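S.K.: give me a 3D structure for the following:
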Amino acid sequence: MFTPYCGLNAALFTVINRGIWLGSAISHLRKPLPSVWPSYFENLPVYLRCFTVGWVYTRILSRGVEVLQRLRMYKEAVEELRNLLSQSTYCPDSRGRWWDRLALNLQQHLKCIDQAIHCIKEGLSDPLVRTGHRLSLFQRAARMKESPSCKKHWKLLQDVPSMDVQDVSHVTIRGKMCPQTGMGKSVFLMEDIVQSQGQNENPSTSSETVMCSVEELALAHYRQQGFDQGIHGEGSTFSTLFGLLMWDIIFMGGIEDVFRNTYQVCPLDLHTDSFYENRKTPIEERLDLLQEASVETLQMLVAETWNSQQGKINPLVNWERFVSLEQAQNSILTAQDSMSSDHLEVALDEVGLGGWTPEVTVLEEIYQSSGQQR
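M.R.: Okay, the predicted model is just below:
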(Lines give C-alpha, C1' and ligand atoms only; values in the text may rest on other atoms or scores of the structure.)
Protein backbone atom coordinates (compact mmCIF):
# COMPACT_ATOMS: atom_id res chain seq x y z
CA MET A 1 0.00 0.00 0.00
CA PHE A 2 2.92 2.35 0.61
CA THR A 3 3.84 2.89 -3.06
CA PRO A 4 0.29 3.70 -4.31
CA TYR A 5 -0.18 6.25 -1.53
CA CYS A 6 3.16 7.86 -2.39
CA GLY A 7 1.91 8.22 -5.96
CA LEU A 8 -1.35 9.74 -4.74
CA ASN A 9 0.54 12.20 -2.55
CA ALA A 10 2.74 13.24 -5.48
CA ALA A 11 -0.28 13.68 -7.75
CA LEU A 12 -2.05 15.85 -5.18
CA PHE A 13 1.08 17.96 -4.77
CA THR A 14 1.15 18.49 -8.55
CA VAL A 15 -2.47 19.62 -8.87
CA ILE A 16 -2.09 21.99 -5.90
CA ASN A 17 0.95 23.62 -7.49
CA ARG A 18 -0.99 24.01 -10.73
CA GLY A 19 -3.90 25.64 -8.93
CA ILE A 20 -6.32 22.82 -9.65
CA TRP A 21 -8.65 22.27 -6.68
CA LEU A 22 -10.38 18.91 -6.94
CA GLY A 23 -13.17 18.99 -4.37
CA SER A 24 -14.49 15.60 -5.38
CA ALA A 25 -11.05 14.07 -4.81
CA ILE A 26 -10.91 15.55 -1.31
CA SER A 27 -14.22 13.95 -0.32
CA HIS A 28 -12.70 10.63 -1.37
CA LEU A 29 -9.51 11.22 0.61
CA ARG A 30 -11.08 12.40 3.86
CA LYS A 31 -11.37 9.06 5.59
CA PRO A 32 -10.18 8.17 9.10
CA LEU A 33 -6.94 6.26 9.41
CA PRO A 34 -7.44 2.52 9.95
CA SER A 35 -6.94 1.81 13.65
CA VAL A 36 -4.43 -0.96 12.91
CA TRP A 37 -1.83 1.53 11.64
CA PRO A 38 -1.12 3.49 14.83
CA SER A 39 -0.97 0.38 17.02
CA TYR A 40 1.51 -1.26 14.66
CA PHE A 41 3.71 1.70 13.78
CA GLU A 42 3.68 3.94 16.84
CA ASN A 43 6.60 2.07 18.43
CA LEU A 44 8.87 2.84 15.48
CA PRO A 45 11.20 5.85 15.81
CA VAL A 46 9.94 8.89 13.92
CA TYR A 47 12.67 8.63 11.28
CA LEU A 48 11.41 5.16 10.31
CA ARG A 49 7.72 5.92 10.83
CA CYS A 50 7.85 8.37 7.92
CA PHE A 51 8.25 5.40 5.56
CA THR A 52 4.89 3.90 6.55
CA VAL A 53 1.62 4.18 4.66
CA GLY A 54 0.00 5.94 7.63
CA TRP A 55 2.54 8.76 7.45
CA VAL A 56 2.03 9.27 3.72
CA TYR A 57 -1.75 9.14 4.13
CA THR A 58 -1.53 11.80 6.85
CA ARG A 59 0.46 14.03 4.52
CA ILE A 60 -2.23 13.58 1.87
CA LEU A 61 -4.90 14.65 4.37
CA SER A 62 -2.79 17.65 5.34
CA ARG A 63 -2.55 18.71 1.70
CA GLY A 64 -6.29 18.19 1.48
CA VAL A 65 -6.74 20.89 4.14
CA GLU A 66 -5.01 23.36 1.86
CA VAL A 67 -7.35 22.46 -0.99
CA LEU A 68 -10.42 22.84 1.23
CA GLN A 69 -9.25 26.28 2.31
CA ARG A 70 -8.68 27.35 -1.30
CA LEU A 71 -12.25 26.23 -2.02
CA ARG A 72 -13.39 28.31 1.01
CA MET A 73 -14.74 25.16 2.65
CA TYR A 74 -13.58 26.31 6.07
CA LYS A 75 -15.92 24.14 8.14
CA GLU A 76 -14.65 21.05 6.36
CA ALA A 77 -11.05 22.28 6.76
CA VAL A 78 -11.58 22.72 10.51
CA GLU A 79 -13.03 19.23 10.76
CA GLU A 80 -10.03 17.79 8.90
CA LEU A 81 -7.54 19.70 11.05
CA ARG A 82 -9.17 18.35 14.19
CA ASN A 83 -8.99 14.88 12.70
CA LEU A 84 -5.26 15.32 12.06
CA LEU A 85 -4.64 16.70 15.55
CA SER A 86 -6.53 13.82 17.17
CA GLN A 87 -3.48 11.61 16.56
CA SER A 88 0.20 12.21 17.28
CA THR A 89 1.70 9.14 15.64
CA TYR A 90 2.20 10.63 12.18
CA CYS A 91 3.81 13.92 11.11
CA PRO A 92 4.30 15.29 14.67
CA ASP A 93 6.47 18.09 13.27
CA SER A 94 3.35 19.46 11.49
CA ARG A 95 1.26 19.84 14.64
CA GLY A 96 2.29 23.45 15.22
CA ARG A 97 1.23 24.38 11.69
CA TRP A 98 -2.07 22.54 12.13
CA TRP A 99 -2.86 24.29 15.44
CA ASP A 100 -1.95 27.66 13.95
CA ARG A 101 -4.14 27.12 10.89
CA LEU A 102 -7.04 25.81 12.99
CA ALA A 103 -6.91 28.93 15.17
CA LEU A 104 -6.87 31.15 12.08
CA ASN A 105 -9.83 29.41 10.46
CA LEU A 106 -11.88 29.54 13.65
CA GLN A 107 -11.12 33.19 14.35
CA GLN A 108 -11.03 34.82 10.93
CA HIS A 109 -13.28 32.71 8.74
CA LEU A 110 -15.85 31.09 11.05
CA LYS A 111 -15.88 33.85 13.73
CA CYS A 112 -15.84 31.21 16.48
CA ILE A 113 -13.75 33.26 18.89
CA ASP A 114 -14.26 31.04 21.94
CA GLN A 115 -13.20 27.96 20.00
CA ALA A 116 -10.19 29.82 18.58
CA ILE A 117 -9.03 30.74 22.09
CA HIS A 118 -9.42 27.15 23.30
CA CYS A 119 -7.48 26.03 20.22
CA ILE A 120 -4.63 28.42 21.06
CA LYS A 121 -4.53 27.15 24.66
CA GLU A 122 -4.43 23.53 23.50
CA GLY A 123 -1.71 24.30 20.97
CA LEU A 124 0.45 26.05 23.57
CA SER A 125 0.03 23.04 25.86
CA ASP A 126 1.01 20.55 23.15
CA PRO A 127 4.58 19.35 23.85
CA LEU A 128 5.09 18.52 20.16
CA VAL A 129 4.62 22.13 19.02
CA ARG A 130 7.94 23.76 18.12
CA THR A 131 9.19 27.11 19.35
CA GLY A 132 8.31 29.05 16.19
CA HIS A 133 4.67 27.93 16.03
CA ARG A 134 4.35 28.29 19.81
CA LEU A 135 5.38 31.92 19.41
CA SER A 136 2.93 32.34 16.51
CA LEU A 137 0.04 31.06 18.65
CA PHE A 138 1.05 33.32 21.53
CA GLN A 139 1.22 36.35 19.23
CA ARG A 140 -2.24 35.53 17.85
CA ALA A 141 -3.63 35.55 21.39
CA ALA A 142 -1.84 38.86 22.09
CA ARG A 143 -3.43 40.45 19.00
CA MET A 144 -6.84 39.16 20.04
CA LYS A 145 -6.43 40.81 23.47
CA GLU A 146 -5.90 44.15 21.74
CA SER A 147 -8.75 43.70 19.24
CA PRO A 148 -12.00 45.56 20.03
CA SER A 149 -13.99 42.68 18.51
CA CYS A 150 -12.62 40.30 21.17
CA LYS A 151 -13.35 42.45 24.24
CA LYS A 152 -16.14 40.22 25.48
CA HIS A 153 -13.75 37.25 25.38
CA TRP A 154 -11.17 39.03 27.54
CA LYS A 155 -11.59 36.66 30.50
CA LEU A 156 -10.91 33.60 28.36
CA LEU A 157 -7.84 35.27 26.88
CA GLN A 158 -6.38 35.84 30.34
CA ASP A 159 -6.09 32.08 30.77
CA VAL A 160 -3.84 31.70 27.72
CA PRO A 161 -0.37 30.53 28.86
CA SER A 162 2.20 33.30 28.78
CA MET A 163 5.61 33.27 27.09
CA ASP A 164 8.73 35.17 28.06
CA VAL A 165 9.67 36.75 24.74
CA GLN A 166 12.74 38.95 24.71
CA ASP A 167 12.63 41.59 22.02
CA VAL A 168 15.57 42.05 19.67
CA SER A 169 17.35 45.28 18.84
CA HIS A 170 15.56 47.20 16.11
CA VAL A 171 17.40 49.02 13.33
CA THR A 172 15.42 51.09 10.83
CA ILE A 173 16.94 51.31 7.36
CA ARG A 174 15.30 53.72 4.96
CA GLY A 175 15.32 53.25 1.22
CA LYS A 176 13.58 54.52 -1.89
CA MET A 177 11.25 51.98 -3.46
CA CYS A 178 11.17 51.46 -7.19
CA PRO A 179 7.66 51.89 -8.63
CA GLN A 180 6.28 48.57 -9.83
CA THR A 181 3.00 47.03 -10.86
CA GLY A 182 1.59 43.70 -9.87
CA MET A 183 2.80 41.24 -7.29
CA GLY A 184 6.40 40.40 -6.49
CA LYS A 185 9.22 41.25 -4.15
CA SER A 186 9.86 44.89 -3.32
CA VAL A 187 12.62 46.53 -5.34
CA PHE A 188 14.61 49.49 -4.02
CA LEU A 189 16.76 52.18 -5.65
CA MET A 190 20.23 52.67 -4.20
CA GLU A 191 23.20 54.90 -4.89
CA ASP A 192 26.20 52.72 -5.71
CA ILE A 193 29.74 54.09 -5.51
CA VAL A 194 31.83 53.11 -8.53
CA GLN A 195 35.60 53.44 -8.60
CA SER A 196 37.34 53.84 -11.95
CA GLN A 197 40.83 54.62 -13.25
CA GLY A 198 40.96 58.23 -14.37
CA GLN A 199 43.53 60.20 -16.31
CA ASN A 200 47.15 60.06 -15.13
CA GLU A 201 46.26 56.77 -13.47
CA ASN A 202 44.50 58.62 -10.67
CA PRO A 203 41.47 56.71 -9.38
CA SER A 204 38.15 58.51 -9.44
CA THR A 205 34.81 57.73 -7.89
CA SER A 206 31.30 58.27 -9.17
CA SER A 207 27.85 57.19 -8.14
CA GLU A 208 25.08 55.56 -10.10
CA THR A 209 21.56 54.50 -9.21
CA VAL A 210 20.98 50.76 -9.18
CA MET A 211 18.01 48.56 -8.36
CA CYS A 212 18.40 46.16 -5.46
CA SER A 213 16.51 43.86 -3.11
CA VAL A 214 15.77 44.68 0.52
CA GLU A 215 18.59 42.33 1.58
CA GLU A 216 21.08 44.12 -0.66
CA LEU A 217 19.89 47.43 0.79
CA ALA A 218 20.58 46.11 4.30
CA LEU A 219 24.04 44.89 3.33
CA ALA A 220 24.85 48.29 1.80
CA HIS A 221 23.74 50.00 5.02
CA TYR A 222 26.06 47.89 7.13
CA ARG A 223 28.97 48.37 4.72
CA GLN A 224 28.69 52.06 5.53
CA GLN A 225 28.88 51.12 9.21
CA GLY A 226 32.20 49.33 8.72
CA PHE A 227 30.95 45.77 8.18
CA ASP A 228 32.76 45.22 4.93
CA GLN A 229 31.72 41.60 4.40
CA GLY A 230 28.11 40.57 4.02
CA ILE A 231 26.33 37.34 3.17
CA HIS A 232 22.71 36.97 2.09
CA GLY A 233 22.32 33.30 2.81
CA GLU A 234 18.98 32.88 4.58
CA GLY A 235 19.48 30.06 7.10
CA SER A 236 22.18 28.33 5.05
CA THR A 237 24.96 30.49 6.53
CA PHE A 238 24.51 29.08 10.01
CA SER A 239 23.49 25.59 8.91
CA THR A 240 26.70 25.38 6.85
CA LEU A 241 28.79 26.39 9.86
CA PHE A 242 26.89 23.88 12.00
CA GLY A 243 27.51 21.16 9.43
CA LEU A 244 31.22 21.96 9.21
CA LEU A 245 31.67 21.90 12.98
CA MET A 246 29.52 18.79 13.54
CA TRP A 247 30.44 16.79 10.44
CA ASP A 248 31.95 13.81 12.24
CA ILE A 249 29.05 13.66 14.72
CA ILE A 250 26.43 13.82 11.97
CA PHE A 251 27.96 10.84 10.18
CA MET A 252 29.14 8.89 13.23
CA GLY A 253 28.55 5.15 13.20
CA GLY A 254 27.03 2.83 15.76
CA ILE A 255 23.51 4.30 15.68
CA GLU A 256 20.83 1.79 14.83
CA ASP A 257 18.80 2.11 11.61
CA VAL A 258 19.97 5.60 10.58
CA PHE A 259 21.96 4.32 7.59
CA ARG A 260 19.94 1.82 5.57
CA ASN A 261 21.68 1.95 2.18
CA THR A 262 24.82 3.25 0.52
CA TYR A 263 23.02 6.01 -1.40
CA GLN A 264 22.01 8.11 1.61
CA VAL A 265 23.43 11.62 1.86
CA CYS A 266 22.66 11.91 5.57
CA PRO A 267 21.44 9.80 8.51
CA LEU A 268 17.68 9.25 8.52
CA ASP A 269 17.30 10.90 11.93
CA LEU A 270 18.96 14.19 10.94
CA HIS A 271 15.76 16.24 10.79
CA THR A 272 14.13 14.72 13.88
CA ASP A 273 14.47 15.00 17.65
CA SER A 274 16.14 11.59 17.57
CA PHE A 275 19.22 13.25 16.06
CA TYR A 276 20.08 14.78 19.43
CA GLU A 277 18.78 11.88 21.51
CA ASN A 278 20.98 9.41 19.60
CA ARG A 279 24.10 11.61 19.97
CA LYS A 280 23.49 13.49 23.21
CA THR A 281 26.92 13.03 24.78
CA PRO A 282 29.12 13.87 21.75
CA ILE A 283 26.89 16.84 20.80
CA GLU A 284 27.06 18.38 24.27
CA GLU A 285 30.80 17.79 24.48
CA ARG A 286 31.30 19.48 21.10
CA LEU A 287 29.11 22.44 22.05
CA ASP A 288 31.06 22.90 25.30
CA LEU A 289 34.28 22.86 23.28
CA LEU A 290 32.95 25.43 20.81
CA GLN A 291 31.78 27.72 23.59
CA GLU A 292 35.16 27.76 25.30
CA ALA A 293 37.36 27.54 22.19
CA SER A 294 39.69 30.31 21.13
CA VAL A 295 39.39 31.99 17.75
CA GLU A 296 42.35 29.99 16.47
CA THR A 297 40.81 26.68 17.59
CA LEU A 298 37.49 27.45 15.91
CA GLN A 299 39.19 28.38 12.68
CA MET A 300 41.31 25.23 12.82
CA LEU A 301 38.20 23.04 13.28
CA VAL A 302 36.53 24.66 10.27
CA ALA A 303 39.69 24.27 8.18
CA GLU A 304 40.05 20.57 9.02
CA THR A 305 36.55 19.75 7.80
CA TRP A 306 36.76 22.11 4.83
CA ASN A 307 40.01 20.59 3.56
CA SER A 308 39.02 16.96 4.12
CA GLN A 309 35.36 17.04 3.04
CA GLN A 310 35.07 19.86 0.49
CA GLY A 311 32.64 19.00 -2.30
CA LYS A 312 31.04 16.08 -0.50
CA ILE A 313 27.27 16.13 -0.03
CA ASN A 314 25.88 17.15 3.35
CA PRO A 315 22.31 18.53 3.46
CA LEU A 316 23.37 21.13 6.02
CA VAL A 317 26.38 22.40 4.08
CA ASN A 318 26.25 24.69 1.06
CA TRP A 319 29.78 24.75 -0.32
CA GLU A 320 28.98 27.87 -2.36
CA ARG A 321 27.83 29.88 0.64
CA PHE A 322 31.35 31.13 1.40
CA VAL A 323 33.69 32.36 -1.32
CA SER A 324 36.70 30.92 0.50
CA LEU A 325 37.82 29.03 3.58
CA GLU A 326 38.95 32.34 5.07
CA GLN A 327 35.45 33.79 4.86
CA ALA A 328 34.01 30.70 6.54
CA GLN A 329 36.61 31.00 9.29
CA ASN A 330 35.75 34.66 9.84
CA SER A 331 32.03 33.85 9.91
CA ILE A 332 32.41 31.28 12.67
CA LEU A 333 32.87 34.09 15.19
CA THR A 334 29.29 35.24 14.60
CA ALA A 335 27.97 31.72 15.24
CA GLN A 336 29.93 30.92 18.40
CA ASP A 337 27.20 32.17 20.76
CA SER A 338 24.54 30.25 18.84
CA MET A 339 26.55 27.06 19.28
CA SER A 340 26.73 27.40 23.07
CA SER A 341 24.90 25.02 25.38
CA ASP A 342 22.52 27.85 26.34
CA HIS A 343 21.27 27.87 22.75
CA LEU A 344 21.23 24.08 22.30
CA GLU A 345 17.48 23.82 21.67
CA VAL A 346 17.55 26.64 19.13
CA ALA A 347 20.60 25.23 17.34
CA LEU A 348 19.01 21.79 17.06
CA ASP A 349 15.70 23.29 15.91
CA GLU A 350 17.70 24.88 13.09
CA VAL A 351 18.96 21.42 12.10
CA GLY A 352 15.47 20.00 12.18
CA LEU A 353 13.27 22.79 10.96
CA GLY A 354 15.19 25.90 10.06
CA GLY A 355 13.78 29.39 10.05
CA TRP A 356 15.32 30.88 13.16
CA THR A 357 18.51 32.21 11.62
CA PRO A 358 18.95 35.68 10.11
CA GLU A 359 18.67 36.19 6.36
CA VAL A 360 21.68 38.50 6.27
CA THR A 361 24.98 38.07 8.11
CA VAL A 362 27.49 40.92 8.26
CA LEU A 363 31.14 40.70 9.27
CA GLU A 364 33.77 43.26 10.16
CA GLU A 365 37.44 42.77 9.51
CA ILE A 366 39.48 43.81 12.54
CA TYR A 367 43.25 44.08 12.33
CA GLN A 368 45.12 43.86 15.61
CA SER A 369 48.61 45.21 16.18
CA SER A 370 50.04 41.83 15.21
CA GLY A 371 48.43 42.15 11.80
CA GLN A 372 46.26 39.08 12.29
CA GLN A 373 42.86 39.33 10.64
CA ARG A 374 39.80 38.53 12.74
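S.K.: leaving out sequence neighbours, find the closest residue to Leu301.
M.R.: Nearest in space to Leu301, with sequence neighbours left out and distances taken as C-beta to C-beta, 6 or more residues apart in numbering, is Leu245 at 6.0 Å. For the C-beta atoms, the positions are set from N, CA and C on the backbone; glycine is no exception.
S.K.: okay but that neighbour is in contact with Met300, surely?
M.R.: No: contact status for Leu245 versus Met300: not in contact, 11.2 Å apart, counting by C-beta atoms under 8 Å.
S.K.: so for the two, which residue has more residues nearby?
M.R.: Looking at Leu245 and Met300 with other C-beta atoms under 10 Å, you find the greater number of neighbours at Leu245, namely 24 against 12.
S.K.: now do the same contact list for that one.
M.R.: Taking C-beta atoms under 8 Å, 6 or more residues apart in numbering as the definition of contact, the neighbours of Leu245 are Arg286, Leu290, Leu301, Val302, Thr305, Ile332, Met339.
S.K.: could those residues go into a markdown table alongside distance to Phe51 and pLDDT?
M.R.: Putting the contacts of Leu245 into a markdown table (distance: C-beta to C-beta, whole Å; pLDDT from 0 to 100) gives the following:
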| residue | distance to Phe51 | pLDDT |
| --- | --- | --- |
| Arg286 | 29 | 92 |
| Leu290 | 34 | 88 |
| Leu301 | 34 | 95 |
| Val302 | 35 | 95 |
| Thr305 | 30 | 97 |
| Ile332 | 36 | 80 |
| Met339 | 32 | 59 |
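S.K.: so which of those residues are in helices?
M.R.: Among those, the members found in helices (DSSP state H) are Arg286, Leu290, Leu301, Val302, Thr305, Ile332.
S.K.: so for stretch 115-124, mean pLDDT?
M.R.: Computed over stretch 115-124, the mean pLDDT rounds to 96.
S.K.: list the contacts of that stretch.
M.R.: Surrounding stretch 115-124, the residues in contact under the criterion C-beta under 8 Å, 6+ apart are 95-96, 99-100, 102-103, 106-107, 129, 133-134, 137-138, 140-141, 144, 153, 156-157, 159-161, 163.
S.K.: in helices, which of those residues fall?
M.R.: Among the contacts of stretch 115-124, the residues falling in helices (DSSP H) are 95-96, 99-100, 102-103, 133-134, 137-138, 140-141, 144, 156-157.
S.K.: residues of the longest helix belonging to the chain that come out buried?
M.R.: The helix of greatest length in the chain, counted in residues with DSSP H as the criterion, is given as helix 53-70. Residues of helix 53-70 classed as buried under the neighbour-count rule (16 or more other C-beta atoms under 10 Å) are 53-65, 67-69.
S.K.: among the residues you listed, which one sits closest to Asp257?
M.R.: Top of the list for closeness to Asp257, among the buried residues of helix 53-70 and by C-beta to C-beta, is Trp55 at 15.7 Å.
S.K.: how far away from the center of its chain is stretch 103-113?
M.R.: Relative to its parent chain, stretch 103-113 has a centroid offset of 26 Å by C-alpha atoms, centre = their mean, to the nearest Å.
S.K.: same deal with stretch 207-217?
M.R.: Centroid separation between stretch 207-217 and its chain, computed with C-alpha atoms, centre = their mean, is 27 Å.
S.K.: mean confidence for that stretch?
M.R.: The average of the pLDDT scores along stretch 207-217 is 85.
S.K.: now swap in stretch 133-141 and tell me
M.R.: For stretch 133-141, the per-residue pLDDT values average out at 93.
S.K.: which residues touch it?
M.R.: Counting by C-beta under 8 Å, 6+ apart, stretch 133-141 makes contact with 95-97, 99-100, 103-104, 107, 117, 120, 123-124, 129, 157, 160-163, 165, all of which sit outside it.
S.K.: please redo it, this time with the cut-off set to 6 Å
M.R.: The set of residues external to stretch 133-141 that reach it, using C-beta atoms under 6 Å, 6 or more residues apart in numbering, is Gly96, Asp100, Ala103, Ile120, Gly123, Leu124, Val160, Met163.
S.K.: show me which of the residues you listed are buried.
M.R.: Gly96, Asp100, Ala103, Ile120, Gly123, Leu124, Val160.
S.K.: identify the spatial nearest neighbour of the last one, chain neighbours not counted.
M.R.: Right, the one you point to is Val160. Ala141 (4.4 Å).
S.K.: next one: Pro32, what pLDDT does it get?
M.R.: At Pro32, the predicted lDDT confidence score is 53.
S.K.: ok, now how distant is the residue nearest to Val214 when sequence neighbours are not counted from Glu216?
M.R.: Nearest residue to Val214, sequence neighbours excluded (C-beta to C-beta, 6+ apart): Ser186, at 5.9 Å. Using C-beta to C-beta, to the nearest Å, one obtains 11 Å as the distance from Ser186 to Glu216.
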